[in-house]
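In: predicted model follows, preceded by the sequence.
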Amino acid sequence: RASAAPILDLFITLMSMGLNGYKNLLEQRNCLLENFQERFAQIAQNQGERILLCPKNTISFGITLDTLSKDVEEKKKAEITSLFGSMLFTRCVSGTRVVARNQSKIIAGQEFVGFGSSTDNFPHSYLTAACAIGLSEAEMEEFFHRLEKCFKDFRSKMKKSSATKLKGAESTH
């Protein structure tokens with residue numbers, strides 16, 4: 001059974017801000033929307049990724065994450081992509097969701113193919129983020145700063161990991 005607490009919280013919040021307060025939040029979000037989309041697309045392009053176009057969704061936006069695991073064997077791709085998601089979480093990049101391509105989970109004996117995605121065979125790993133109501137310009141700037149830093153840290157970590165594996169392989173020969 002669902003709790004009524006979230007609905008009650010929303011009701012109290014809306015009543016306390018009034019119609020004008022709510023309209024102001026919507027207007028603030030609309031002012032940030034274009035900049036949010038452009039910055040997200042620019043980060044995607046800088047990382048060799050692309051924006052996922054969903055024209056009817058004006059709140060949540062997605063970018064591919066295919067280059068994160070391009071040099072990794074197929075069976076490890078989902079694990080590497082999920083590692084990026086955990087790095088986002090530990091670096092306080094909140095509000096994102098990372099979905100690894102072809103990830104499967106078995107829960108209570110039932111296999112879920114494409115776990116986390118809205119389809120079993122989506123052709124890309126991806127990251128979503130929302131330009132949600134209540135987001136301030138300063139919060140948006142901090143979000144993009146942290147996201148860019150996380151991409152940089154992730155690629156650095158992968159480069160170090162590859163170099164370590166390469167040195168290990170050379171020393172065994």
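Out: Structure received.

In: how far off centre is the lengthiest helix in the chain?
Out: For the chain, the helix with the greatest residue count under DSSP state H is helix 5-46. Put simply, helix 5-46 sits 18 Å off its chain's centre (Cα atoms, centre = their mean, to the nearest Å).

In: try stretch 116-132
Out: Computed by Cα atoms, centre = their mean, the chain-centroid distance of stretch 116-132 equals 8 Å.

In: could you list the low-pLDDT ranges of this protein?
Out: Scanning the chain for pLDDT under 70 picks out the ranges 163, 165-173.

In: and the helices in it, which stretches?
Out: 5-46, 77-90, 137-171.

In: which residues belonging to the last one are considered buried?
Out: Within helix 137-171, the residues scored as buried using 16 or more other Cβ atoms under 10 Å are 140, 143-144, 146-148, 150-151, 154, 158. To be clear about C-beta, it is placed using only N, CA and C from the backbone, and glycine gets the same treatment.

In: do the second one as well
Out: Of the residues in helix 77-90, those scored as buried under the neighbour-count criterion (16+ other Cβ under 10 Å) are 77-78, 80-85, 87-88.

In: that helix to helix 137-171, inter-axis angle?
Out: In terms of direction (axes from the mean of the first three to the mean of the last three Cα atoms, to 10 degrees), helix 77-90 departs from helix 137-171 by 140 degrees.

In: what residues does helix 77-90 touch?
Out: Helix 77-90 is contacted by residues 65, 68-69, 72, 96-98, 100-103, 125, 127, 147, 150, 153-154, 157-158 when judged by Cβ atoms under 8 Å, 6 or more residues apart in numbering.

In: cool, stretch 45-61 as well?
Out: For stretch 45-61, using Cβ under 8 Å, 6+ apart, the contacting residues are 33, 36-37, 40-41, 44, 62-67, 124, 126, 128-132, 148, 151.

In: same thing but 6 Å
Out: Residues outside stretch 45-61 that contact it (Cβ atoms under 6 Å, 6 or more residues apart in numbering): 40-41, 44, 62-64, 67, 128, 130, 151.

In: over to stretch 29-44?
Out: 50-51, 61, 63, 131, 133, 140, 144, 148.

In: what's the answer for stretch 121-140, then?
Out: Under Cβ under 6 Å, 6+ apart, the answer for stretch 121-140 is 25, 29, 32-33, 36, 59-60, 62-66, 81, 95-101.

In: report the buried members of those residues.
Out: The buried subset of the contacts of stretch 121-140 (16+ other Cβ under 10 Å) comprises 29, 32, 36, 62-66, 81, 96, 98-101.

In: now render the residues you listed as JSON lines, adding distance to T119.
Out: JSON lines is the format used below for the buried ones among the contacts of stretch 121-140 (distance: Cβ to Cβ, whole Å):
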{"residue": "R29", "distance to T119": "28"}
{"residue": "L32", "distance to T119": "29"}
{"residue": "F36", "distance to T119": "25"}
{"residue": "G62", "distance to T119": "13"}
{"residue": "I63", "distance to T119": "17"}
{"residue": "T64", "distance to T119": "15"}
{"residue": "L65", "distance to T119": "16"}
{"residue": "D66", "distance to T119": "16"}
{"residue": "T81", "distance to T119": "16"}
{"residue": "T96", "distance to T119": "20"}
{"residue": "V98", "distance to T119": "16"}
{"residue": "V99", "distance to T119": "10"}
{"residue": "A100", "distance to T119": "13"}
{"residue": "R101", "distance to T119": "11"}
